[in-house]
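S.K.: Kindly generate the corresponding structure for this input.
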Amino acid sequence: MREMANVKKVCPFAAAQLHQENSDCLGEECACYVKLNKRRLMLAEDCSLTDQEFCYSYSGCGLVTRIPWKQVKREEKKATLQE
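M.R.: Model prediction:
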């Protein structure tokens, strides 16, 4: 598996414009950059339960057609903790 840190990301907007010399991805500086979180569901026979420990997360270009979700541990917030 190749290491993703060394891969040069190309912006689809800049790549579509032939006159634009700099076609590198701007990362968090780009207007299309998104940070998404999605609940992880655990399925049972008759219902589905929300996983309280893990969720799915994605940070990157908002122009992708298939989101490469990563499973991450949820951040605990004081307001959501039950005693």
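S.K.: quick one, longest strand in this structure?
M.R.: Determined from DSSP state E, the single longest strand within the chain is strand 48-61.
S.K.: Give me the sheet partners of that one and which way each runs.
M.R.: strand 33-43 (antiparallel), strand 70-73 (antiparallel) (DSSP bridges).
S.K.: want to throw the ones you listed into TSV with mean pLDDT?
M.R.: Shown next, in TSV, are these (pLDDT from 0 to 100):
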stretch	mean pLDDT
strand 33-43	88
strand 70-73	90
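S.K.: could you dump those strands to a markdown table with distance to Glu53 and mean neighbour count?
M.R.: (Each C-beta comes from the backbone N, C-alpha and C, glycine too.) Output for the strands paired with strand 48-61, formatted as a markdown table (distance: least, CB to CB, whole Å; neighbours: other CB atoms under 10 Å):
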| stretch | distance to Glu53 | mean neighbour count |
| --- | --- | --- |
| strand 33-43 | 9 | 12 |
| strand 70-73 | 6 | 10 |
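S.K.: any chance of those strands in CSV, plus distance to Cys25?
M.R.: As requested, the strands paired with strand 48-61 are exported to CSV (distance: least, CB to CB, whole Å):
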stretch, distance to Cys25
strand 33-43, 9
strand 70-73, 18
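S.K.: Since that was my last question, I'll sign off now.
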